[in-house]
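K.L.:
next one to model:
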Amino acid sequence: MAGRNIGVAVDFSSCSKAALRWASTNLTRNGDKLILIHVNSSFQNEQGTVHLWQQSGSPLIPLAEFSDVTKTYGVSPDKETIEILTKVAHQRGIEVFAKILYGDPAKKLYEAVDLVPLSCMVIGSRGLSTLKRALMGSVSTYIVNHAACPVTVVKENM
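P.N.:
Numbers count the residues shown, from 1 in each chain. As a prediction, this is how the structure comes out:
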């Protein structure tokens, strides 16, 4: 059986790290590819490679190169996320990649399902109240309702 492409939406917040930890512990198995999907919604780079990847996003970036993506793709991964990824790659025998997309997080995460393509997606939840979710919108709710693959929503305190 071929490995799966497991997508994890990350914005380097505590709830996305909880989703990453959950996927690493409960979902990954030997032969899988864990693909971090990061959407940069506030890119301001007037020149450089960001504009080259604005529509389709970056190519898949291997874990070994992920800590060096700040200048090229306008992303600053934190040390804790890199440590989680390095640990899971070695312990579980999986490959880890990142894909950087630019634009509206809900729409770009939805597009990533077919673009990568993903077998499933794990996304963190900030735990918005019903009123805030109705006023501000919820990325996780949008993905659950629209994605063409199984989606797991992980609460931060799990």
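
K.L.:
ok, now which ones touch residue 28?
P.N.:
6, 34, 88, 92, 94 (C-beta atoms under 8 Å, 6 or more residues apart in numbering). Every residue, glycine included, has its C-beta placed from N, CA and C.

K.L.:
surely the fourth one is in contact with residue 24?
P.N.:
Looking back up the chat, that one is residue 92. Yes: the pair residue 92 and residue 24 qualifies as a contact (C-beta atoms under 8 Å) at a distance of 7.1 Å.

K.L.:
just name the closest of the contacts of residue 28 to residue 123, please.
P.N.:
residue 6 (11.8 Å; C-beta to C-beta).

K.L.:
next, that closest one: phi, psi?
P.N.:
Dihedral pair for residue 6: phi -100, psi 120, per degrees, to the nearest 10.

K.L.:
show the pLDDT at it.
P.N.:
Listed pLDDT for residue 6 reads 97.

K.L.:
can you tell me how far it is from residue 61?
P.N.:
Applying C-beta to C-beta, to the nearest Å, the value for residue 6 to residue 61 is 16 Å.

K.L.:
strands of the protein, start to end?
P.N.:
5-9, 33-40, 61-62, 95-102, 120-125, 151-155 (DSSP state E).

K.L.:
now those as JSON lines including mean neighbour count?
P.N.:
Output for those, formatted as JSON lines (neighbours: other C-beta atoms under 10 Å):
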{"stretch": "strand 5-9", "mean neighbour count": "26"}
{"stretch": "strand 33-40", "mean neighbour count": "24"}
{"stretch": "strand 61-62", "mean neighbour count": "16"}
{"stretch": "strand 95-102", "mean neighbour count": "22"}
{"stretch": "strand 120-125", "mean neighbour count": "24"}
{"stretch": "strand 151-155", "mean neighbour count": "18"}
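
K.L.:
could you dump the ones you listed into JSON lines and include distance to residue 78?
P.N.:
Formatted as JSON lines, the strands of the chain follow (distance: least, C-beta to C-beta, whole Å):
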{"stretch": "strand 5-9", "distance to residue 78": "15"}
{"stretch": "strand 33-40", "distance to residue 78": "12"}
{"stretch": "strand 61-62", "distance to residue 78": "16"}
{"stretch": "strand 95-102", "distance to residue 78": "13"}
{"stretch": "strand 120-125", "distance to residue 78": "15"}
{"stretch": "strand 151-155", "distance to residue 78": "18"}
